[in-house]
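Visitor: Just the structure for this:
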Amino acid sequence: FIWQFDRVTAAGNLGYMLLQGVRADLIFAGLWLIIPVLLAPLLAGEKHFMLWRRFSHVWVLLGLCLVVFIEVSTPQFILQYDIRPNRLYIEYLKYPKEVFSTLWQGYRGMLLGSIAVTALLLWGLHQLFKRVSAASKPYSGKTLWLTWPIFVVLVFVAVRSSTEHRPANPAMFAITSDALVNSLIINSPYSVLYALYNMKHEAHSSEIYGKMPDDEMLVLALDWPWLKNDSFSDASLPTLHHHEASVTREKPLNLVIILQESLGATFVESLGGVPVTPELEKLKQDGWWFEQMYATGTRSVRGIEAVVSGFMPTPAQSTVKLSLSQQNFYTLGSTLTRQGYNTSFIYGGEAHFDNMRSFFTGNDIHQVIDLPQMQNPVFVGSWGASDEDLFTATASHLADMHQQQKPFFSLVFTSSNHTPFEFPDGRISLYEQP
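Guide: Below you'll find the predicted structure:
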C-alpha cells in the first residue's frame with residue numbers, strides 16, 4: 001500500500017481496505033491450519049508427540065517458505081502485470097526452459113535476491129522454531145478434546161469468512177475500480193492458491209450449468225436479427241454460412257498473417273506512441289490501417305485465438321489450451337483448407353509452448369515450423385530463434401509454396417519483442433525517450 005499509495009488512496013477508504021486485508025490473511029492462515037487441526041487428535045497426545053512436533057515444525061516452515069518467496073517476488077510481478085501473482089504465476093511453470101531462461105536473462109537480480117531472502121528468513125525461523133519445539137509438551141487427553149472443537153470452529157470461521165450463502169473468495173475483495181488495488185488487499189499466497197483451485201476445476205466448469213439439447217441450443221444461437229437472412233444448410237457444420245465475395249478473382253490470393261509479439265499503439269508514432277516502428281509506418285499508405293483496433297486479451301495466446309478463430313477471451317484458460325477445442329474448432333485454416341490452400345504456422349520457439357502445436361495441427365493448420373526445423377539460426381534467445389531468423393525461415397517456406405503453384409496461408413508468430421528482449425548485436429538501435 002505504501003509503494004502504491006497514490007493509487008490506493010485514490011481508489012477508496014484506506015482503513016476499510018486494511019481491515020479487509022486482515023480478513024484475507026485470516027483466510028489463508030485458516031487454510032494452512034486445516035491439516036494440522038484435523039491431525040491434532042491423532043498426533044498431539046503423548047503417544048505420537050515426537051512425530052507431531054516434527055510434523056508441526058516442517059509444516060510451519062513450508063507455509064512460511066510459500067509466503068516469503070511469493071511475497072518477495074510480488075513487486076516484480078506487479079511491475080510486469082500490474083496485479084498481484086495469480087494464475088499466470090503458476091500457469092507457465094509447465095515450460096521451465098522458457099520461464100527460467102527469461103528469469104535468468106531479464107530478472108536475474110530479482111530471482112537470486114528472492115531465493116537469498118527466502119533462505120535467510122527460513123534459516124532464522126528454523127532456529128527459532130527449534131527452541132520453541134524443544135520447550136513444547138504433549139496435550140493431555142482431556143485438554144485436547146476440550147480445546148480441539150474450539151480450534152475446528154475457529155478455523156472454519158476464518159476460512160469461510162462470511163455468513164452469506166457462499167464462502168469468501170478473492171472476488172469479494174474487489175471493492176474498488178482499480179484491479180491492482182483490489183489485488184493488493186489480499187495476500188499473494190492466497191491469490192495463487194485460489195488460482196490453483198480454479199484451474200483444477202476449470203475442465204468441469206461447464207457441468208454446473210446443466211445440459212441443453214443441441215437442436216434447442218442452435219435455435220437460440222442463430223436467433224439474432226443480423227443472421228435472419230443467412231442460410232445455414234450444412235448439417236455437419238450447423239453454424240456455417242456463406243458470404244458471396246464482392247470481388248471475383250481469377251486465382252486465389254495467398255494470405256500471410258504476422259502476429260507481432262507485444263506490438264501495440266505504444267510503439268507506433270502515428271497512433272500516439274514512440275517512433276520505433278518506421279518500417280511499419282511506411283506500409284500504412286499501401287493497405288488498410290486501423291486506428292481504433294484493441295487487443296482482445298492480455299496474453300499472446302489470447303491474440304492467437306482471436307486472430308486465427310475470432311474467439312473472444314474468457315475468464316478461464318485460453319481456448320488454445322482447453323481439451324475440447326483441440327479438434328473440430330473453427331480456424332482460418334478450416335475455411336482455407338477446403339479451398340485448396342496449404343496452411344502453416346511458423347514460430348521461432350518451440351511450438352508445444354502454450355499448447356499451440358496441438359491446437360493448430362488438430363484444427364486444419366497442416367504444417368508447423370518451429371525452432372527444431374530452422375536451419376542454423378544465427379541467434380537463439382530465451383524464447384527461441386530471433387525474429388530475423390524467423391523471417392528468413394518464413395521467406396524460404398513461402399518460396400517453396402510459390403514454386404508448387406499452390407495457394408498458401410501462413411500464420412507467423414514473433415517473439416523478440418518479449419521480455420527479456422534478446423536480439424542479435426548490431427540489428428537494432430535502442431530508442432531513448434527524449
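
Visitor: Okay, buried residues for the longest helix along the chain please.
Guide: With secondary structure taken from DSSP state H, the chain has its longest helix at helix 49-81. For helix 49-81, a neighbour-count test (16 or more other CB atoms under 10 Å) marks 52-53, 55-57, 60, 63-64, 66-74, 76-78, 81 as buried. Backbone N, C-alpha and C define where each C-beta goes, glycine included.

Visitor: same check, this time on stretch 386-395
Guide: Those would be 386, 387, 388, 389, 390, 391, 392, 393, 394, for stretch 386-395 by 16+ other CB under 10 Å.

Visitor: quick one: contacts for the first one?
Guide: When contacts are counted by CB atoms under 8 Å, 6 or more residues apart in numbering, residue 386 touches 348, 377, 378, 379, 380, 416, 422, 423, 424, 427.

Visitor: Test my guess that the third one contacts residue 389.
Guide: Going back to what we said before, that points to residue 378. Yes. Applying CB atoms under 8 Å as the test, residue 378 and residue 389 come out as touching, 5.8 Å apart.

Visitor: Which parts of the stretch 101-250 of the chain are helices?
Guide: With DSSP state H, counting those that start in this stretch as the criterion, the stretch 101-250 of the chain has helices at 108-135, 141-160, 179-185, 188-202, 214-221.

Visitor: From the contact counts, what lies against the longest helix of the chain?
Guide: helix 14-43, helix 87-91, helix 108-135, helix 188-202 (3 or more CB pairs under 8 Å, 6 or more residues apart in numbering; DSSP states H and E).

Visitor: Give the other helices and strands that the longest one contacts.
Guide: What it means is helix 14-43. Against helix 14-43 (3+ CB pairs under 8 Å, 6+ apart) you get helix 5-11, helix 49-81, helix 141-160, helix 179-185, helix 188-202.

Visitor: Tell me if residue 410 really is in a strand.
Guide: Yes. Residue 410: assigned to a strand according to DSSP: H, G, I helix; E, B strand; the rest coil.

Visitor: how near is the residue nearest to residue 93 when sequence neighbours are not counted to residue 353?
Guide: Spatial nearest neighbour of residue 93, chain neighbours left out: residue 99 (6.6 Å); criterion: CB to CB, 6 or more residues apart in numbering. In this structure, residue 99 and residue 353 are 10 Å apart, going by CB to CB, to the nearest Å.

Visitor: since we're on residue 188, how many residues are nearby?
Guide: Per other CB atoms under 10 Å, the neighbour tally for residue 188 reads 24.

Visitor: isn't it right up against residue 70?
Guide: Yes. Counting by CB under 8 Å, residue 70 is a contact partner of residue 188 at 4.5 Å.

Visitor: Find the residues that touch each one of those two.
Guide: Listed as contacting both residue 188 and residue 70 by CB under 8 Å, 6+ apart are residue 85.

Visitor: picking up where we left off before, neighbour count: residue 99 and residue 353, which is higher?
Guide: Between residue 99 and residue 353, counted using other CB under 10 Å, the more crowded position is residue 353 (20 against 14).

Visitor: And the nearest residue to that one once chain neighbours are set aside, how close does it get to residue 301?
Guide: Nearest non-adjacent residue to residue 353, counting by CB to CB, 6+ apart: residue 95, 5.5 Å away. Note on residue 95: its distance to residue 301, by CB to CB, is 12 Å.
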